[in-house]
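[1] build the 3D model from these lines:
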Amino acid sequence: DVTTLTFEGIDIPEGVRIKPDAVPHHDLEAEYVAVNEAGTKAWVSLQENNAFAIIDIENKKIEAIKPLGAKSFSVIDIDSKDGANPTKAPANVYGLYQPDTIVSYNVDGKDYVVSANEGDDREYDGWEDYAKAINLKEKKNKAFSAQLTSDILDQKGKKKLRVLKDMGMDSSGTYTSLYLAGTRSFSIWDADGNQVYDSDKDFEEYLAKNYADNFNTRVDDTKDPEDIAELKKDGVPFEMIGKTAYFWEGVDARSQKKGCEPEALSLAKIGGKVFAYIGLEKQGGFFIYDVTNPLTPKMVGYNNDIDYSALPTLSGNLAPEGMVTFSQDGGNYLAIANELSSSISMYQLGDDGRAKELTSLWVGSFDEGAAEILSYDPDGKKLYVTNGQNKTVDIIDVSKPAMMQKAGIIDFSAHGQSLQSVSVKNGLVAIAVE
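    Residues are numbered from 1 along each chain as shown. Presented below is the predicted three-dimensional model:
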């Protein structure tokens with residue numbers, strides 16, 4: 001029995017981001033869903049719209065759409081020329097939360113939603129909403145306030161700041177505020193979509209202090225012969241896979257973009273505590289927080305096994321896309337699907353929430369998306385992992401978590417162009433295809 005809910009007739013309040021000239025009810029883009037422990041309520045992240053849809057499961061209806069608002073940064077690094085240096089944020093520069101993964105948990109009878117605030121922009125059907133601030137001025141003849149001109153456009157390391165071009169203008173069309181995609185943080189929200197916690201500057205300050213030489217970096221690639229020649233000239237290490245060169249982009253490369261990009265997320269209940277694991281798509285690695293009290297989470301640590309001095313294919317697990325925690329045979333574990341490296345990494349979790357790497361399993365070719373979203377089956381002690389390279393769901397035997405091995409596949413290559421997600425429950429496997 002399948003019920004399809006649409007947004008027709010649902011009030012879309014002010015603050016929900018809608019593409020200019022779009023039909024509002026057709027512009028809402030569902031990204032991720034979280035269901036409460038009782039199975040009575042769900043929250044759907046409308047990532048590009050910077051909102052949640054709140055679902056009443058029992059009565060099969062959309063209760064409300066909740067805009068998430070904008071973050072006023074306290075500290076941020078949006079300067080690509082100053083190294084790892086988060087500083088006081090300029091005035092009138094804001095971030096939209098735009099969460100990717102969301103997960104629900106219950107504390108003392110109250111539901112909460114945890115979000116990884118990745119941020120996302122749109123580029124399709126002749127519409128692109130992400131632009132460099134300086135290009136809006138020089139190529140689109142847009143006006144900026146004196147304050148933004150001084151703080152952003154006149155600064156060599158900030159003028160290429162990526163902003164959402166349809167936001168921040170006054171009635172005359174002058175930019176008086178700038179809005180970024182994502183907030184470089186994770187948040188906790190109550191059941192009605194009101195924020196009760198945000199990690200604020202934690203990620204940037206920790207990474208700047210402890211990973212200064214690799215702060216806001218990522219693996220980049222190019223097929224352009226001129227770009228490849230430039231890499232050789234500048235002495236930048238790279239490797240060729242086919243006609244594509246892969247290389248580490250360098251410190252501060254993401255500072256004018258979305259920073260470390262928190263994307264993957266999972267929660268684990270260990271003893272009487274709840275821990276959140278937040279994966280960073282671009283920087284790599286994952287943060288660990290004790291979120292037992294949703295109002296006062298505490299950072300536990302950060303795991304990162306990447307060797308930034310190595311060529312990308314030899315540097316470790318890259319781009320955590322999906323996470324799942326599970327308990328098995330008295331132990332607690334975290335499994336991560338790493339999209340860029342096409343690997344699955346397994347960690348054992350201690351009573352204090354800290355993670356110890358056990359092993360990694362490579363399941364496909366580099367940058368082919370062979371490990372994306374995963375789900376755990378407690379009955380079979382197996383992981384089900386979407387493999388975008390082969391259009392399969394790979395079945396991974398984790399009966400011995402430190403000795404993962406591939407046990408089979410579900411071939412979906414004839415049923416869609418790509419696999420979007422997978423979920424396993426009570427022996428049934430559900431696969432979302434596009």
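[2] need the contact list for the residue most central in space within the chain.
    Central residue of the chain (Cα atoms, centre = their mean): Glu263, 1.6 Å from the mean position. If you count contacts by Cβ atoms under 8 Å, 6 or more residues apart in numbering, Glu263 has them with Asp100, Thr101, Ala116, Glu118, Gly279, Leu280, Glu281, Pro320, Glu321. C-beta: built from backbone N, CA, C; applies to glycine.
[3] let's see 7 Å
    By Cβ atoms under 7 Å, 6 or more residues apart in numbering, the residues touching Glu263 are Asp100, Thr101, Ala116, Glu118, Gly279, Glu281, Glu321.
[4] let me know the secondary structure of it.
    Assigned with DSSP: H, G, I helix; E, B strand; the rest coil, Glu263 falls in the strand class.
[5] got a pLDDT number for it?
    pLDDT, Glu263: 97.
[6] picking that back up, the contacts of Glu263 in strands, which ones?
    Residues of the contacts of Glu263 located in strands (DSSP state E): Ala116, Gly279, Glu321.
[7] which one of the residues you listed sits closest to Asp220?
    Glu321 (17.7 Å; Cβ to Cβ).
[8] how much space between the nearest residue to the closest one once chain neighbours are set aside and Glu434?
    Sequence neighbours aside, Glu339 is the residue nearest to Glu321 in space, at 3.9 Å (criterion: Cβ to Cβ, 6 or more residues apart in numbering). As judged by Cβ to Cβ, to the nearest Å, Glu339 and Glu434 stand 16 Å apart.
[9] now Leu340
    Leu340 is 20 Å from Glu434, where distance means Cβ to Cβ.
[10] could you check which of those two is surrounded by more residues?
    A count of neighbours by other Cβ atoms under 10 Å puts Leu340 above the other of Leu340 and Glu434, at 26 against 7.
[11] and the helices in the chain?
    Along the chain, counting by DSSP state H, helices occupy 24-27, 133-138, 146-148, 202-210, 225-234.
[12] could these be laid out in a markdown table, adding mean neighbour count and mean pLDDT?
    As requested, the helices of the chain are exported to a markdown table (neighbours: other Cβ atoms under 10 Å; pLDDT from 0 to 100):
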| stretch | mean neighbour count | mean pLDDT |
| --- | --- | --- |
| helix 24-27 | 15 | 93 |
| helix 133-138 | 18 | 98 |
| helix 146-148 | 15 | 98 |
| helix 202-210 | 19 | 98 |
| helix 225-234 | 11 | 97 |
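[13] among these, which is nearest Ser375?
    Among the helices of the chain, helix 202-210 comes nearest to Ser375, with 26.6 Å by Cβ to Cβ.
[14] in stretch 94-102, what's buried?
    For stretch 94-102, the neighbour count (16 or more other Cβ atoms under 10 Å) marks Tyr94, Gly95, Leu96, Tyr97, Gln98, Pro99, Asp100, Thr101, Ile102 as buried.
[15] let me know the closest of the residues you listed to Ile57.
    Taking these together and measuring to Ile57 by Cβ to Cβ, the closest member is Ile102, at 15.4 Å.
[16] tally of neighbours for the nearest residue to the closest one once chain neighbours are set aside?
    Distances taken as Cβ to Cβ, 6+ apart place Ala34 nearest to Ile102, at 4.4 Å, with adjacent residues excluded. A count of neighbours around Ala34, defined by other Cβ under 10 Å, yields 24.
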